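> Pasting a predicted model and its sequence here:
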Amino acid sequence: MPPTKTILLTGGAGFIGSNFVRLALRTRPDLRLINLDALTYSGNLENLAGVDTDARYSFHHGDINDAPLVQRLVNEADAVVHMAAESHVDRSIMDSRPFFQANVMGTQCLLDAVRRRKGGPVRFVYVSTDEVYGSLPLNRPELKFHEGLPLVANSPYAASKAAGDLLCRAYHETFHMDIVTTRCSNNFGPFQFPEKVIPLFVTNLLENKKVPLYGDGLNVRDWLHVEDHCEAVLAVLDRGRPGEVYNIGGDNERSNLELTRSILSAMGKGEEMIQPVADRPGHDRRYAIDASKIARELGWKPTRSSWPAALESTVRWYVDNDSWWRRVKSGAYREYYARQYASRAAV
Ligand code: NAD
Ligand code: TDX
């Protein structure tokens, strides 16, 4: 079947974007993908090795704030999936400016290009995050994030993503544009930049370094395999209702301590490798997702996230892809790591 639909994907050289490209090319012969990515520190064309020669895929090196380029690519597309972002909470605490440039101004630039698209606006899927809802208490396990909650962002990263959510809402209400927003929980899987907790801990252990656990280690995250997230985004692209928000989650809550112990056990390491360090400022205590709306309306359910097998296969991917993470963990990464953990004294 020849492709019938062209998707402009932003941020396709990052962790989730590159997994989206792989999954879409493998499972969706009807789609052609244009990947627009600025190749910031976390964007890496190696993440696309092997699939980048597919005739249904093309890459454009550029910034989502480059209005003429964005307009040209939007004019060629039948839909936009917007994933490009500054994505790491700790970096947003060190310097929030790039987050507002990319996550707010970049989103606004894309929305304007879709509004002015030659031939009329097309569907715009905004990939947001559960962090826009703020934090849940540990002593109320029955509480979960649902789509009707107000946005209560606690980190500069979350505030920049929430601003994007509000822009999407405003463009839908004001200009009647076909915009759908997703809010997903923490992803894990291959090609994740080793500043995020799972690849950081696994690769530290492979280097025989300790793992820096923030605070009391009892903060909870809801873990979802990246391909489950990408399938949910495809379902929203195909069948999401205009103007709606869809939560995406794995119903897989783990404390950071529990996660760390699972990684240690998968790697045959002991608890002496845990280094407690000062807490992240404004550290959200618990994320938990009510994903019943996307299940009910779009029939999506996670199929790849069952724990501990999915975590163990992710650990194995980093063990087997030594040259990928060693290259990524060199150069400018070393400076970031030294700065980040110099400010987090061991406790
Ligand atoms: P990532 O940092 O691995 O990738 C981000 C990509 O965006 C990189 O390839 C980068 O080069 C590109 N990019 C950044 N600024 C750009 C700009 N101005 N112009 C063009 N490209 C630019 O991030 P990720 O973890 O893959 O996250 C992707 C999206 O999913 C983000 O929008 C993030 O907020 C959201 N999200 C992530 C998670 C998670 O657990 N990682 C969970 C929920 C939502
Ligand atoms: O060194 C560490 N030690 C530690 O204890 C790091 C990097 C993290 N942590 C803790 C902080 C969090 O409670 O682990 C948990 C997960 O941290 P991150 O991997 O930084 O993810 P998080 O802050 O939860 O945000 C992630 O999920 C939502 C993504 O980075 C976001 O892009 C996404 O929106």
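In hand now; what should we look at? Ligands and ions are numbered 1, 2, ... in the order given.

> Touching the helix or strand bottoming out on mean pLDDT in the chain from outside, list them.
The helix or strand of the chain with the poorest confidence is helix 332-342; it has a mean of 86 (mean pLDDT, DSSP states H and E). Contacting residues not belonging to helix 332-342 are listed as 41, 90-91, 94, 194-195, 212, 277, 329 [CB atoms under 8 Å, 6 or more residues apart in numbering]. Heads up, the C-betas are built off the backbone N, CA and C, glycines and all.

> ok, which of those residues also contact ligand 2?
Filtering the contacts of helix 332-342 for neighbours of ligand 2 using CB under 6 Å from any ligand atom leaves residue 212.

> Just the buried ones from the contacts of helix 332-342?
Among the contacts of helix 332-342, those buried by neighbour count (16 or more other CB atoms under 10 Å) are 90-91, 194-195, 212, 277, 329.

> can you tell me which of the residues you listed are in helices?
If you go by DSSP state H, those have 90-91 in helices.

> And the buried ones among the contacts of helix 332-342, which two are furthest apart?
277 and 329 (18.6 Å; CB to CB).

> buried sites along stretch 93-106?
Neighbour-count burial for stretch 93-106 flags 93, 96, 99-100, 102-106 (criterion: 16+ other CB under 10 Å).

> repeat for stretch 192-210
In stretch 192-210, residues buried by neighbour count (16+ other CB under 10 Å) are 192-206, 210.

> Return the subset of those residues lying in strands.
Nothing among the buried residues of stretch 192-210 maps onto strands, per DSSP state E.

> Residue 118: what secondary structure?
Classification of residue 118 by DSSP: H, G, I helix; E, B strand; the rest coil places it in coil.

> which ones are touching it?
The contact partners of residue 118, taken as CB under 8 Å, 6+ apart, are residue 75.

> Could you check the pLDDT of residue 60?
Listed pLDDT for residue 60 reads 97.

> can you confirm it is in a strand?
Yes: assessed with three-state DSSP, residue 60 lies in a strand.

> Look up the closest residue to it, ignoring the ones flanking it.
residue 36 (4.9 Å; CB to CB, 6 or more residues apart in numbering).

> ok, what's across the strand from the one you found?
Residue 36 has these beta-bridge partners by DSSP bridges: residue 10, residue 60.

> who in the protein is up against ligand 1?
Counting by CB under 6 Å from any ligand atom, the chain comes close to ligand 1 at 10-11, 13-17, 37-40, 42-43, 63-65, 83-87, 102, 106, 127, 129, 161, 184, 186-187, 193.

> Just the ones of those residues in strands?
Those of those lying in strands (DSSP E): 10, 37, 127, 129, 184, 186-187.

> can you pull the contacts of residue 64?
Listed by CB under 8 Å, 6+ apart, the contact partners of residue 64 are 10, 36, 38, 70, 82, 84, 102, 106-107, 109-110.

> let's see it at 7 Å
Residues near residue 64 by CB atoms under 7 Å, 6 or more residues apart in numbering: 10, 36, 70, 84, 102, 106, 109-110.

> for the residues you listed, which one is nearest residue 119?
Using CB to CB, those come closest to residue 119 at residue 70, 15.6 Å.

> what pLDDT does the closest residue to ligand 2 within the stretch 1-150 of the chain get?
Using CB to the nearest ligand atom, the closest approach of the stretch 1-150 of the chain to ligand 2 is made by residue 129 at 3.2 Å. Looking at residue 129, its pLDDT is 98.

> so what's the residue lying closest to it once chain neighbours are set aside up against?
The shortest distance from residue 129 to any residue other than its chain neighbours is 5.2 Å, reached at residue 161 (CB to CB, 6+ apart). Going by CB under 7 Å, 6+ apart, residue 161 touches 103, 128-129, 131-132.

> so how far is ligand 2 from residue 161?
Look at residue 161 and ligand 2: by CB to the nearest ligand atom, to the nearest Å, they are 7 Å apart.
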